[in-house]
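Engineer: Structure for this input, please:
(2 chains, ligands or ions: 2)
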Amino acid sequence: MNSLPTQFWARVVFLLQRYGLSYLKGAGTTLLISVVATLFGCVIGFAVGIVQYVPINRNDRLIKKIPMKILKALLKIYVEVFRGTPMMVQAMFIYYGASQVFGINMNMWFAAFFIVSINTGAYMAETVRGGILSIDIGQTEGAMAVGMTHLQTMTNVLIPQALRNIMPQIGNNLIINIKDTCVLAVIGTVELFFAAKSVAGTYYTYFESMTIAMIIYLSMTIAASKLLRFWESRMDGSGTYDLATTDTLAFTSGMYPQIKDSRNAMGTKDKEEAKNE
Amino acid sequence: MSDEILRVEHLGKTFGTNVVLRDIDFSVKKGDVTCIIGASGSGKSTLLRCINLLEEPTSGNILFHDSSILDKSVNIPAYRAKVGMVFQSFNLFNNMTVLENCMISPMKVLKLDRAEAQQRAMLYLDKVGMTAYINAKPRFISGGQKQRVAIARALAIQPEVLLFDEPTSALDPQMVGEVLAVIRALAAEGHTMVIVTHEMAFARDVSNRVIFMADGVICEEGSPSQLFQNPQEESTRAFLKRFTQG
Ligand SMILES: Nc1ncnc2c1ncn2[C@@H]1O[C@H](COP(=O)(O)OP(=O)(O)O)[C@@H](O)[C@H]1O
Ligand SMILES: [Mg+2]
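Structural biologist: Ligands and ions are numbered 1, 2, ... in the order given. Below is the predicted model:
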């Protein structure tokens, strides 16, 4: 305790030697919450986005129409409320509100996952909706024309394409979550910021401790975006494909007699036939 | 009566105040190859889209094997599976390979198992000469190849009627031939087809009936020789003249 060095970098090293584990645990907590909450948020976002996209037809029966309309309205409120208020306020509102009003003592971990997931979900819902809307209508019509139902079209054609289109947004959300989980400090979640602040307070080494926090945050966000890029390119697959055999009809290209030049492109067999005509 | 698959009766379609189809009447018998010709904007696509219920008709009726498909009780996806459609812009599923494009509907709509679906997909991909490209994603093949895959995809649900909406209009001239060759082969096999096309020579020798549409109505119809060699209506003559000159 009494051996705090005077030089900046020496202090940083000192903090790391003594409290390295606290930073590491904090970073782990940050990463765990943000990754899991981003995944849950995507699931929520897809669910909400898909429900919002369900068509309500004029001739649907009321029994289907009314609940659907109510559900859509509720989801709209959910999206607006959680996009339109700060996550820090939401955290306190939910965590303390639950215990004061309903007498529920929320598990801190549950609260943390819940708040970040529900927040991400609200953003993702709009992203997913936009992702589906941006897909060419021809994809839907192609699916409908072969007899697929709305649900089959969604799961087989639209969602896979929407998922690929919004991967950059998902990556963005992950990065935002890695940074913004720091607001969970207000409900006592010991994530990286909380850990760094506690260490800082012990020696009054705010600059040093926050330098460490900055470097760890930055490493995590850079790693996350690199990883997502890699995943995106894996989803795209390679541009090349193996020809299973040869294109058996390629030589008939232009065989249609209206196109005169095409005669040159014919195979020899066709040329002979053409002569015989 | 028994071999009649489709009958369109007094069909009308308006978009808002825009009357696009008026009093369309025609029927399709098993084995018929019907070509629909007419200027852009005359309502040909809208007619096909109404038949496939991609658009809801505003008046008249469409009968499939003598029962209306406009009844509320009709299972629309199940009906669509019996009426295949090939689009001008292909509309292949971008997230699937050529093979998957042709397997998805047999699996999901007809509930075949994977092996059966694959066997069937390969059968039709072979018919259109695309078995070499089964592992390719649509964005890596040419327009003509895309359309051939789209035809195989439509055939894979084994529809009773195939609708083609200008299948070669989005293609470079040298690719038109390969797609028309495939459609000719299907006609020779006795497939029932309704084909919207601007390829007059093709329409003449592939079809057994030609319908000329203008301004949302059927202006004239008849056998290919009748309609192309001896058109009765002035507007048909004017339309054909433009095409044979160009
Ligand atoms: N969804 C739509 N809303 C309004 N008007 C439409 C719509 N689809 C087609 N139309 C109009 O209907 C007319 C016929 O279009 P279409 O059936 O595509 O003609 P064609 O296929 O013969 O070129 C055109 O005037 C077009 O503008
Ligand atoms: Mg058209």
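
Engineer: Enumerate every residue touching residue B:217.
Structural biologist: Residue B:217 sits next to B:21, B:22, B:23, B:24 when contact means Cβ atoms under 8 Å, 6 or more residues apart in numbering or on different chains. Quick note: C-beta positions are derived from backbone N, CA and C, even for glycine.

Engineer: Report pLDDT for residue A:58.
Structural biologist: Predicted confidence (pLDDT) for residue A:58: 67.

Engineer: er, residue B:245 I mean
Structural biologist: 64.

Engineer: And the contacts of residue B:217, which two are furthest apart?
Structural biologist: Considering Cβ to Cβ, no two members of those lie farther apart than B:21 and B:23, which are separated by 8.1 Å.

Engineer: mind listing the helices for chain A?
Structural biologist: Assignment of helices within chain A using DSSP state H yields the ranges A:8-53, A:62-83, A:87-101, A:108-133, A:137-145, A:150-153, A:159-180, A:192-203, A:206-236, A:262-265, A:268-276.

Engineer: With chain B instead?
Structural biologist: Under DSSP H, chain B gives helices at B:44-51, B:76-80, B:98-108, B:114-127, B:143-156, B:173-188, B:200-206, B:224-229, B:234-245.

Engineer: so where's chain B shaky on pLDDT?
Structural biologist: For chain B, the stretches flagged by pLDDT under 70 are B:1-2, B:245-246.

Engineer: now what about stretch B:55-73, what contacts it?
Structural biologist: Outside of stretch B:55-73, the residues within contact range by Cβ under 8 Å, 6+ apart are A:59, B:1, B:4-14, B:21, B:23-24, B:46, B:49-51, B:53, B:74, B:76, B:79, B:82-83.

Engineer: and these near ligand 1, which?
Structural biologist: Checking these against ligand 1 by Cβ under 6 Å from any ligand atom, the ones in range are residue B:46.

Engineer: Filter the contacts of stretch B:55-73 down to the ones in strands?
Structural biologist: By the criterion of DSSP state E, membership of the contacts of stretch B:55-73 in strands covers B:4-14, B:21, B:23-24, B:83.

Engineer: Minimum distance to chain B: which of the helices of chain A has it?
Structural biologist: If you check each of the helices of chain A against chain B by Cβ to the nearest Cβ, helix A:137-145 wins as the nearest, at 3.3 Å.

Engineer: Now do the closest one: distance to the chain's middle.
Structural biologist: Its chain's C-alpha centre and that of helix A:137-145 lie 26 Å apart, by Cα atoms, centre = their mean, to the nearest Å.

Engineer: Where does chain A get nearest to ligand 1, residue-wise?
Structural biologist: Among all residues of chain A, residue A:137 sits closest to ligand 1, at 10.4 Å; criterion: Cβ to the nearest ligand atom.

Engineer: Count residues in the vicinity of that residue, would you?
Structural biologist: By the other Cβ atoms under 10 Å in any protein chain shown criterion, the neighbourhood of residue A:137 contains 10 residues.

Engineer: swap in residue B:30?
Structural biologist: A total of 13 residues lie near residue B:30 under the criterion other Cβ under 10 Å.

Engineer: ok, for residue A:37, nearest residue in space, not its chain neighbours?
Structural biologist: Sequence neighbours aside, residue A:116 is the residue nearest to residue A:37 in space, at 3.5 Å (criterion: Cβ to Cβ, 6 or more residues apart in numbering or on different chains).

Engineer: List the contacts of the one you found.
Structural biologist: A:33, A:34, A:37, A:41, A:87, A:177, A:180, A:181, A:184.

Engineer: What's the ChimeraX line that selects buried ones from the contacts of residue B:217?
Structural biologist: Only the buried entries of the contacts of residue B:217 go into this ChimeraX selection, using 16 or more other Cβ atoms under 10 Å in any protein chain shown:
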select /B:21,22,24
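
Engineer: from the contacts of residue B:217, which single one is nearest ligand 1?
Structural biologist: Once Cβ to the nearest ligand atom is applied, the member of the contacts of residue B:217 that ends up nearest ligand 1 is residue B:21, at 7.9 Å.

Engineer: Return the distance of the closest one relative to residue A:186.
Structural biologist: 64 Å (Cβ to Cβ, to the nearest Å).

Engineer: what touches both of residue B:21 and residue B:23?
Structural biologist: B:11, B:12, B:217.

Engineer: Redo the residues you listed as CSV? Include distance to residue A:46.
Structural biologist: Compiled in CSV, those are given as follows (distance: Cβ to Cβ, whole Å):
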residue, distance to residue A:46
B:11, 39
B:12, 40
B:217, 46
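
Engineer: Now do residue A:256, the pLDDT please.
Structural biologist: Among the per-residue scores, residue A:256 holds a pLDDT of 35.

Engineer: Let me know how buried residue A:77 is, in neighbour terms.
Structural biologist: Taking other Cβ under 10 Å as the criterion, the count of residues near residue A:77 is 10.

Engineer: Likewise for the one 4 residues further on?
Structural biologist: Number of residues near residue A:81 (other Cβ under 10 Å) recorded here: 12.
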